[in-house]
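Asker: Got a sequence here, can you model it:
(chains A, B, C and D)
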2 protein chains.
Amino acid sequence: MLHALADPTRRDIVTHVLQGEHSVSALARRYPMSFAAVQKHVAILERADLVTKRRHGREQLVSGNIAAVRDATALLAQLEEIWRARIARMGEILAEPNHPEPNQGEPT
Amino acid sequence: MLHALADPTRRDIVTHVLQGEHSVSALARRYPMSFAAVQKHVAILERADLVTKRRHGREQLVSGNIAAVRDATALLAQLEEIWRARIARMGEILAEPNHPEPNQGEPT
DNA sequence: ATAATCTACAACCTTGTGGTTGTAGATGAG
DNA sequence: CTCATCTACAACCACAAGGTTGTAGATTAT
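Answerer: Predicted coordinates:
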């Protein structure tokens, strides 16, 4: 699921199909890559349950899985906090008064 | 620089050498990988200027580059905001009232 | 001098990712 | 039926990243 949203193209696809159904080929036209590539992206999103396909004639209409995407965004928010904590950790260390010998040669 | 901090091991190395000098071999002992692997990580950090090496006898003492790491954390905070915006974007879409099937008309 | 240690670096391996091409099955249009 | 379109999937390619092994140069210890 995280992996599914790790790719920019897939994120873009998700935001688009959240707003309306699109056939795979219609989606494919939006990106500078082959149909097969987009089809694989969709497959990954579908496998992560972030997207659902509905058959309509010979087309496969893709739509965003609202609940799953909502869960995903929540999870991402969590991870964001963890990441924030990491940054804060480095900040703390930098703020500590006892830095052994931070002599990086900037001779004046 | 971002790439340098993209790896967990490297981040760990940074936090450690921010708190005191460590020889490359001393660092290497901390991780379940070969000396060469750690040495490469250190080289990457050094190349990104996040870390500085100081020769002491036959050892190479590594210490964190305070200013650079501070800059990096600031940058990461920025990116975090961008990422947050992305999540918010999806959230907005989810919040929109009209999730029906807006037609994807291709005016030919 | 010899051995042991620390470091640097090159070559190679493996894995994972995104992409392309090619093929085949379904389905609707003429 | 025949053709064009949409889809699925397998095979293959290119590339990057993290790791390992092996080798060589420095430096300290015996």
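
Asker: When you work out contacts or count neighbours from here on, use the C-alpha atoms and nothing else.
Answerer: Noted.

Asker: how many neighbours does whichever residue of chain A sits closest to chain B have?
Answerer: Using Cα to the nearest Cα, the single residue of chain A nearest to chain B is residue A:20, 4.9 Å away. Look at residue A:20: counted by other Cα atoms under 10 Å in any protein chain shown, it has 18 neighbours.

Asker: right, and it touches residue A:63 too?
Answerer: Yes: counting by Cα atoms under 8 Å, residue A:20 touches residue A:63, with 6.3 Å between them.

Asker: just the angle between the helix ranked longest in chain A and helix B:66-95, please?
Answerer: The longest helix of chain A (DSSP state H) is helix A:66-95. Between the axis of helix A:66-95 and that of helix B:66-95 there is an angle of 160 degrees, by axes from the mean of the first three to the mean of the last three Cα atoms, to 10 degrees.

Asker: Let me see the mean pLDDT of helix A:66-95.
Answerer: For helix A:66-95, the mean pLDDT works out to 83.

Asker: List, one by one, the residues from chain A near DNA strand D.
Answerer: Residues of chain A found near DNA strand D (Cα under 7 Å from any atom of the strand) are A:23-26, A:35-36, A:39-40, A:43, A:58-61.

Asker: Recalculate using a threshold of 6 Å.
Answerer: A:23, A:24, A:25, A:36, A:39, A:58, A:59, A:60, A:61 (Cα under 6 Å from any atom of the strand).

Asker: which of these lies closest to residue A:7?
Answerer: residue A:39 (14.0 Å; Cα to Cα).

Asker: so residue A:61, which of the three states?
Answerer: strand (DSSP: H, G, I helix; E, B strand; the rest coil).

Asker: Which residues does the strand or helix carrying residue A:46 contact?
Answerer: Assigned by DSSP states H and E, residue A:46 belongs to helix A:35-47. The contact list for helix A:35-47 (Cα atoms under 8 Å, 6 or more residues apart in numbering or on different chains) reads A:1, A:4-5, A:9-10, A:13, A:24-25, A:27-29, A:31, A:51-53.

Asker: Which of the residues you listed fall in helices?
Answerer: Members of the contacts of helix A:35-47 lying in helices (criterion: DSSP H): A:9, A:10, A:13, A:24, A:25, A:27, A:28, A:29.

Asker: Now the second one: closest residue in space that isn't a chain neighbour?
Answerer: Closest residue in space to residue A:10, ignoring its immediate chain neighbours: residue A:41 at 6.1 Å, by Cα to Cα, 6 or more residues apart in numbering or on different chains.
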